[in-house]
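*Asks:* everything below, folded, please.
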Amino acid sequence: MFKIVEKEHFSENVVKLVVEAPMIAQSRRPGHFVIVRTGEGGERIPLTIADADLQRGTITLVIQAIGDSTRKICALEPGDCFTDVVGPLGQATHIEKVGTVVCCGGGVGVAPLLPIIKAMKQAGNRVISILAARTSELIILENEVAEFSDEVIFMTDDGSRGQKGLVTAGVEAVIEREKVDLVVAIGPAVMMKFVALTTKKHDVPTMVSLNTIMVDGTGMCGACRVTVDGQTKFVCIDGPEFDAHKVDFDEMIMRLKAYN
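*Replies:* Below you'll find the predicted structure:
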């Protein structure tokens with residue numbers, strides 16, 4: 001049984017759940033995700049693992065309520081159990097010491113970004129984290145990010161926290177003031193697209209996670225196919241992380257609109 005042991009509301013529609021899953025906690029790496037299911041016949045939902053505690057045997061998941069299935073998940077309380085939690089799945093993030101790494105998270109994209117921030121810092125990199133959201137109330141996990149970051153920059157659309165503007169403005173400002181060796185961006189597809197366009201101008205290697213397009217999570221449904229460097233890839237099997245400068249974001253955005 002995958003029992004929920006903690007629950008925290010980040011906002012009205014975003015919830016953090018800490019779930020008992022000792023075998024997954026033991027083997028998960030940054031970039032991995034799980035598939036969860038609530039109730040017999042429930043929809044399979046892929047969720048990136050935001051954190052893990054080996055001593056407690058738990059994993060942390062962050063869920064945004066955007067449909068019936070995710071609303072059911074967000075309604076679960078401590079003591080309730082998921083019917084299934086399968087994982088870890090996907091390809092783990094390649095972590096190495098490269099120098100200065102700028103990690104950009106948009107909205108709930110900060111959750112899958114957090115384990116990458118931790119791992120990059122532990123590998124000896126200088127980590128600058130940029131957290132972006134529409135308003136200050138939608139910024140999540142800032143204390144956890146700050147613990148493993150040399151600097152945290154906040155960007156909000158309305159200027160209620162940090163600088164007013166888009167995440168790309170924050171990325172450009174950092175690149176112009178110092179040498180950046182790698183950028184990691186996770187968030188809405190349009191955000192990642194424009195981060196990629198920004199870093200390409202400066203010839204800065206950039207990695208993105210395309211987890212938002214996953215549906216089945218096993219490569220069987222084909223819904224998460226994307227074009228990377230002219231080749232068809234499946235996010236759940238070949239990713240979820242790819243070279244941002246090789247991703248056809250326009251195609252991905254069109255497919256996401258079809259799902260909506």
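
*Asks:* stretch 15-23: how far from the chain's middle?
*Replies:* Distance of stretch 15-23 from the chain centroid (C-alpha atoms, centre = their mean, to the nearest Å) equals 16 Å.

*Asks:* one more: stretch 89-107?
*Replies:* Distance of stretch 89-107 from the chain centroid (C-alpha atoms, centre = their mean) equals 10 Å.

*Asks:* disregarding flanking residues, what is the spatial nearest neighbour of the residue in the chain sticking out farthest from the centre?
*Replies:* Ranked by distance from the centre of the chain (C-alpha atoms, centre = their mean), the top residue is residue 40, with 27.4 Å. Distances taken as C-beta to C-beta, 6 or more residues apart in numbering put residue 83 closest to residue 40, at 6.5 Å, once the chain neighbours are dropped. Just so you know, the C-beta spots here come from the backbone N, C-alpha and C atoms, and that holds for glycine as well.

*Asks:* pull the contacting residues for the one you found.
*Replies:* Each residue near residue 83 by C-beta atoms under 8 Å, 6 or more residues apart in numbering is listed here: 37-40, 42.

*Asks:* got the phi and psi for residue 209?
*Replies:* Phi and psi for residue 209, reported as degrees, to the nearest 10, are phi -110, psi 120.

*Asks:* contacts only, for residue 68.
*Replies:* Per C-beta under 8 Å, 6+ apart, neighbours of residue 68: residue 43.

*Asks:* on the pLDDT front, check it for me.
*Replies:* Predicted confidence (pLDDT) for residue 68: 85.

*Asks:* likewise residue 201?
*Replies:* 93.

*Asks:* still on that earlier bit, tell me the spacing between the residue nearest to residue 40 and residue 64.
*Replies:* Here the criterion is C-beta to C-beta, to the nearest Å. By it, residue 83 lies 20 Å from residue 64.
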